[in-house]
Each structure stands twice: as C-alpha cells, then as structure tokens.
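Q: just a sequence and a predicted model for now, questions to come.
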Amino acid sequence: MFSRPPRVDSPLDPLSTPAAGLGVTMTGARLAYDGQPLFDGLSLTLPAGRVTALLGPSGVGKSTLLRLLAGLEDGAHAQATITTDDGRPLTGRVAHMAQRDSLLPWASVLDNATLGARLRGTLTEETRAAARALLARVGLGDRLADRPAALSGGMRQRVALARALMEDRPLILMDEPFSALDALTRLRLQDLTAHLLTGRTVLLVTHDPLEALRLGHRVHVLHGRPATLDAPLEPAGPPPRDPADPALLALQADLLRRLTGAAHGAGDGAGDGAGDGVGDTGGGAP
Amino acid sequence: MMRVLRPVITLAGLLALWQIAFHVAGERAYLLPAPLDTLTTAIDRADRLAHHALITFGEILLGFGFGVALGMLSALVLVMWAPARRWLLPLLVISQAIPVFALAPLLVLWLGYGLSSKVVMAVLIIYFPVTTAFLDGLRRTDPAWLDMARVMGAGRGAMLWHIRLPAALPALASGLRVAAAVAPIGAVVGEWVGSSAGLGFLMLHANARMQIDVVFAALFLLAAFAVALYALVNALTRRMVPWQAESNA
C-alpha cells in the first residue's frame, strides 16, 4: 500500500525459473501434549524435486510436522532437527499452503497473489506481471480485480496456489489443500497442481489416499500412538496419475485398510503386516 | 420505497401523538407546546437558534475528530507495545468506571466556560468505545493470516499495515458508530454544567424562563444533527469495509 524503495531480493519469475528443489531431512521430531507424546524420534526425508505425500488419520500430528518445517512451532511441546542438502538453514525458504485458503477478504485476487512481496516491501512491476501470468495459468486471468468473496471455493484455492508459487521457495508445504472442495474440483486442482509443482520439493499432508497416490512420488503413512512412519510407497509413473488406474485403486484400497486400522489404534504388529502388503503391491505395479 | 417511507410514517405518527398529548394536557398545555407552535418559534428565532446550534455542532465534530484520532492512536500503541498494554489497559478500564458527567464541573473549572471544556468532554466520552473496539479488532486477527505472514517473512510493521489493520477495520467501524451516537451527549452535558453559548446553554435558559417551545426547538435541532452525524458515519464506515457487505450478500 505505501511505497518503499524495494529491497534486493531473489528475482521473481516463477514461470521461467522455478526455485530449484531442495532436499530436506527432519530427524528427532517430537510432539507431546501434557507429557503424552504424539510422536517421538520421528524422521522424514523430503527428496529434492519430489512430492512427498504424508497420509494419516486426523489428530496424528501431520499438521504439526508441517508447521515444524515451516518454523511456526516455537513451543517446547514440538521440536525437531531440520537439515538441508545445501547445509543452510531452512528458515525463510518455505512456502505454505493451508487447508483454508486464508485469502485476505479486502484484497483483490492480484493483491492476494502478490501478498508475500507486498509484506516484504519488494513489490515491483515484474512481480505483478509474474503474478498476472501465473493467475492466467490457473485460469483466473479475468478475475484479477475481484475480491475473494466473489469466487468459488475452487477458484479461491487456485489463488492460494498461485500465492504459494509466487513465493518461489525451494520447499513448498501443503496442508490438506483441497479437502474442502467437491470431488470433481479436487481432481481438476490436483492435475493443475501436479503440473505447476513439477521439479519442486513438496510436502503434501493429506487424509485422502487417492490424493496422496495421484500427486506423491512417495507416500508415507503416519499412524499409531506414539505415531510412526511406514516405509514409503512409491507409485509408478509421473504425477498426476489417472484416478481410474486399477493399480492405483488397488493401492488406495491398501492404504485405506492401513488408515482404518490406524484409526482404530491397531498395534505395531498390524501396522507392520499391512506395510509389507502395500510394499509388495507397490513393487508389483507396472 | 418502504425504506424511505417508513421513517417518514414513524415521524408523522410521533407528531400526531404529540399533537394529541397537547390537547389532552388541556390547561397545563404551557408545559408542552404544540408541534406547530414549536415550528413557528423555530422560524421566528432562527438566527439565535442557528448561532447556538453551530457552536454545539462544532463542539461535537471537534470532539468526535479528536476522540477518534486519540482512540485509534491509543489502540495502535497498546497493540504494538506490550508494556503499554500491561500498564495502561487496566487504567483505561478503571477510567471508564468514573461517570464522565461527574467530571464535567471539574472540566469547566479547569478549562473555562468556552469551547475547550465541551470538546474535552466529548473526547472523553468517545475515546473509550473507539479505543476498545479498535484494540479488540487489532488483537483478534485470524491466527492463520499471521502464520502465513510469518512464513512469508513479514516484519511487525508490514504485518500491522497489510493484515492486522485492515482486519480490524470492521471492529473500528462499529466503534465509530457508537462514538457518533454518544458524541452529542458529551458536548451538551458540558454546556449544561457551565457555558455562555450553545444549544445546551440555550435550553437551560429557556427552561428557566418557561419558554418550553424554545427548549423543544433546540432539542429538535440537536436530535436532527445527532441522527445526521450517525447516518453519515454509518455510510462512511460501510464504504470503509466494502468486503463485509459483499460477504453478507
């Protein structure tokens, strides 16, 4: 809103030069409420340029893992050691996309997409041009001046996606980004997201097995109490995968079985058995 | 159509009731002038009424302006600076427990019979609703927005300007509407306690001389101005938060 001399920042053109994906590893992640650990000593590796999907029932601590990576958990109840492939701290190199779109109701679509630059005082005409191009790519080129209240849920989430991509960060965190949308809109947005996120390091937290299987290069299941991570499942082929593919549907059935078992508080034995089964299916898929 | 007609009908009904009450009052009618007599008086003494009305309106507007500015500034300081919040917030609440009317004689004693004691009175009465409403709005920003801004690397100032301030505007708007409604009280109470001009002064003197029609004419001017001020502030605050109207539609 007020003009300040722009600070020197990374050049922003998410269309031609996406930030190179950064490999990130989190170890010793711990979350406890009232002395009861939800998980302890958890490790998660996010390979560079890949989408890692983290699947789990509600209340298992998925969102907290994501908030730890975003640097939003500074209390004593949640801690983790985070290392990156380039050895520099992760702080300030993360974009976050939440379940609720969190669009500012008073700002236009364009102003929402450029919020990061406006907050850092680095808004330039190039940033605005990049945002216009990106919004056109997500199909909102003719809604730039509209306020969020005038948009549908799917459109709002597309603005949030554009806003996250405008940040042009090496790691993108997505917390159940499409869970509030209807099934058809969700499928369309998954396709769009998969294309726009190609080559970026992404952590996608979701409770929808199909979403994890369509978008993830790797799919982890977080379950149990204290929660543990199963060995990752690697569906064949590049995302976005066809939701009608029988191999994918078989995997989905397996994941659902593991999740319902997890939701019923199944012990370690059940989790391990199911993990083996899914591993076999994953290896057998073409 | 009904939106325009409804207040007109209400006003006409009140005037009719007034006229009936005048006839029922009979021989004690001097205590209650007829609507028409009041109008005649208002026209006869238009000069004098206008003179006093302008002084009172000026006091109200000045009090509103200063009160709103001071209230907004206080809320910003309180929200940005934690020590201020710890030390001054209790004081603010305690200060509001003192009836402002009880302070009026003191203010007149300290600041004299002129404009300033009335303006200060109006400021005192406006300050609290504006400060608390704005402060409340600033403190209750959606935490998801603040998290988002933090991840985006926003400083405190940018967060205030781009997120907390606009998010607090609806709360400020309701504070301003309350302020507009109570602003005339401060000025008139100040005039009742001690003054040499203004509608309150005029009413006090006319009352003492049993010029009830003058009292009523002054009362009407005051009410009309208060309603106009409220309507204006209401319209302006609606423009200030257009996204609220949209999301309600």
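A: Everything's here; your move. Residues are numbered from 1 along each chain as shown, chains lettered A, B, ... in the order given.

Q: next secondary structure after the strand or helix carrying B:Pro184?
A: Using DSSP states H and E, the secondary-structure element containing B:Pro184 is helix B:165-193. Once the chain leaves helix B:165-193, the next helix or strand it forms, by DSSP H and E, is helix B:199-208.

Q: now check the next helix or strand after that following helix, is it near chain A?
A: Scanning forward in sequence from helix B:199-208 by DSSP H and E, the next helix or strand is helix B:212-240. No - under the criterion of CB under 8 Å from any CB of the partner chain, chain A is not reached by helix B:212-240; the shortest gap measures 9.9 Å. (Glycine included, C-beta is placed from N, CA and C.)

Q: buried stuff in helix B:212-240?
A: B:212-218, B:221-222, B:225-226, B:229-230, B:233, B:237 (16 or more other CB atoms under 10 Å in any protein chain shown).

Q: and what of stretch A:142-161?
A: Residues of stretch A:142-161 classed as buried: A:143-144, A:146-151, A:154-161 (neighbour count, 16+ other CB under 10 Å).

Q: now stretch A:195-210
A: Using 16+ other CB under 10 Å as the burial criterion, the residues of stretch A:195-210 that qualify are A:196-197, A:200-210.

Q: how about a markdown table for those, with distance to B:Tyr113, secondary structure and pLDDT added?
A: Below are the buried residues of stretch A:195-210 laid out as a markdown table (distance: CB to CB, whole Å; DSSP: H, G, I helix; E, B strand; the rest coil; pLDDT from 0 to 100):
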| residue | distance to B:Tyr113 | secondary structure | pLDDT |
| --- | --- | --- | --- |
| A:Leu196 | 72 | helix | 88 |
| A:Leu197 | 73 | coil | 88 |
| A:Arg200 | 73 | coil | 88 |
| A:Thr201 | 74 | strand | 92 |
| A:Val202 | 73 | strand | 93 |
| A:Leu203 | 71 | strand | 94 |
| A:Leu204 | 72 | strand | 94 |
| A:Val205 | 69 | strand | 93 |
| A:Thr206 | 72 | strand | 90 |
| A:His207 | 72 | coil | 87 |
| A:Asp208 | 74 | coil | 89 |
| A:Pro209 | 80 | helix | 90 |
| A:Leu210 | 79 | helix | 91 |
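
Q: what residue ranges in the chain score low on pLDDT?
A: Looking at chain A here, since you left the chain open. When the per-residue scores of chain A are filtered using pLDDT under 70, the ranges that remain are A:1-20, A:262-286.

Q: try chain B instead
A: Applying pLDDT under 70 to chain B flags residues B:1, B:27, B:29, B:245-249.

Q: B:Arg219 - nearest residue in space that isn't next to it in sequence?
A: One thing to correct before we go on: residue B:219 is Leu, not Arg. Sequence neighbours aside, B:Met203 is the residue nearest to B:Leu219 in space, at 6.9 Å (criterion: CB to CB, 6 or more residues apart in numbering or on different chains).

Q: pull the contacting residues for that neighbour.
A: Taking CB atoms under 8 Å, 6 or more residues apart in numbering or on different chains as the contact definition, B:Met203 lies against B:192, B:214-215, B:218-219.

Q: A:Gly56 contacts A:Leu204, doesn't it?
A: No - counting by CB atoms under 8 Å, no contact exists between A:Gly56 and A:Leu204, whose distance comes to 11.9 Å.

Q: now do the strands in the stretch 101-250 of chain A.
A: Secondary structure of the stretch 101-250 of chain A (DSSP state E, counting those that start in this stretch): strands at A:171-175, A:201-206, A:218-223, A:228-229.

Q: can you count the residues close to residue 166?
A: Just so you know, I chose chain A. A:Met166 is surrounded by 23 other residues when neighbours are defined as other CB atoms under 10 Å in any protein chain shown.

Q: meant chain B actually
A: By the criterion of other CB under 10 Å, B:Pro166 has 20 neighbours.

Q: how about the contacts made by the closest residue to it other than its chain neighbours?
A: The shortest distance from B:Pro166 to any residue that is not its chain neighbour, by CB to CB, 6+ apart, is 4.8 Å, and that residue is A:Trp106. Neighbour list for A:Trp106: A:147, B:166, B:169, B:241-243 [criterion: CB under 8 Å, 6+ apart].

Q: how much space separates A:Trp106 from B:His162?
A: Computed with CB to CB, to the nearest Å, the distance linking A:Trp106 and B:His162 is 10 Å.

Q: likewise A:Leu192?
A: When CB to CB is applied, the distance between A:Leu192 and B:His162 equals 27 Å.

Q: tell me which of the two has more neighbours.
A: Each of A:Leu192 and B:His162 has its neighbours counted (other CB under 10 Å); B:His162 has more, 24 against 18.

Q: right, and that one touches A:Ala117 too?
A: No - taking contact to mean CB under 8 Å, the distance of 10.8 Å between B:His162 and A:Ala117 leaves them out of contact.

Q: specify the beta-bridge partners of the residue most central in space within chain A.
A: Most central in chain A under CA atoms, centre = their mean is A:Met174, positioned 2.2 Å from the mean C-alpha point. Residues in a beta bridge with A:Met174, per DSSP bridges, are A:Met97, A:Leu204.

Q: and what of A:Thr27?
A: Here A:Thr27 sits in beta bridges with A:Thr81, going by DSSP bridges.

Q: what sits against it?
A: A:43, A:80-81, A:83.

Q: now the residue most central in space within chain B: how far from B:Arg85?
A: A centroid search over chain B (CA atoms, centre = their mean) returns B:Ala183, at 2.5 Å, as the residue closest to the centre. Going from B:Ala183 to B:Arg85 by CB to CB gives 27 Å.

Q: what do you get for A:Leu203?
A: Plainly put, A:Leu203 is 37 Å away from B:Arg85 if you go by CB to CB.

Q: residue contacts, the residue of the stretch 101-250 of chain A found nearest chain B?
A: With CB to the nearest CB as the measure, the residue in the stretch 101-250 of chain A that lies nearest chain B is A:Leu119; the distance is 3.7 Å. Listed by CB under 8 Å, 6+ apart, the contact partners of A:Leu119 are B:149, B:152-155, B:158-159, B:162-163.

Q: would you mind listing what in chain B touches chain A?
A: Taking CB under 8 Å from any CB as the criterion, the contact residues of chain B with chain A come out as B:142, B:144-145, B:147-155, B:158-159, B:161-163, B:166-167, B:169, B:241-244, B:246-247.

Q: circling back to that earlier point, I'd like the strands of the stretch 101-250 of chain A as TSV, with distance to B:His51 appended.
A: Formatted as TSV, the strands of the stretch 101-250 of chain A follow (distance: least, CB to CB, whole Å):
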stretch	distance to B:His51
strand A:171-175	66
strand A:201-206	71
strand A:218-223	78
strand A:228-229	82
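
Q: closest one to B:Arg6 among the ones you listed?
A: The closest approach between B:Arg6 and any of the strands of the stretch 101-250 of chain A, judged by CB to CB, belongs to strand A:171-175 at 49.4 Å.

Q: elements contacting the closest one?
A: Identification of packing neighbours for strand A:171-175 by 3 or more CB pairs under 8 Å, 6 or more residues apart in numbering or on different chains; DSSP states H and E yields helix A:62-70, strand A:94-97, helix A:153-166, strand A:201-206.

Q: now do the buried residues in that strand.
A: Neighbour counts over strand A:171-175 (16+ other CB under 10 Å) mark A:171-175 as buried.

Q: give me the residues contacting it.
A: Counting by CB under 8 Å, 6+ apart, A:21-22, A:24, A:46, A:62-63, A:66, A:69-70, A:90, A:93-99, A:164-165, A:197, A:200-205 sit against strand A:171-175.

Q: buried subset of those residues as a PyMOL selection?
A: In PyMOL, this line selects whichever of the contacts of strand A:171-175 come out buried by 16+ other CB under 10 Å:
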select buried, chain A and resi 21+22+24+46+62+63+66+69+70+90+93+94+95+96+97+98+99+164+165+197+200+201+202+203+204+205
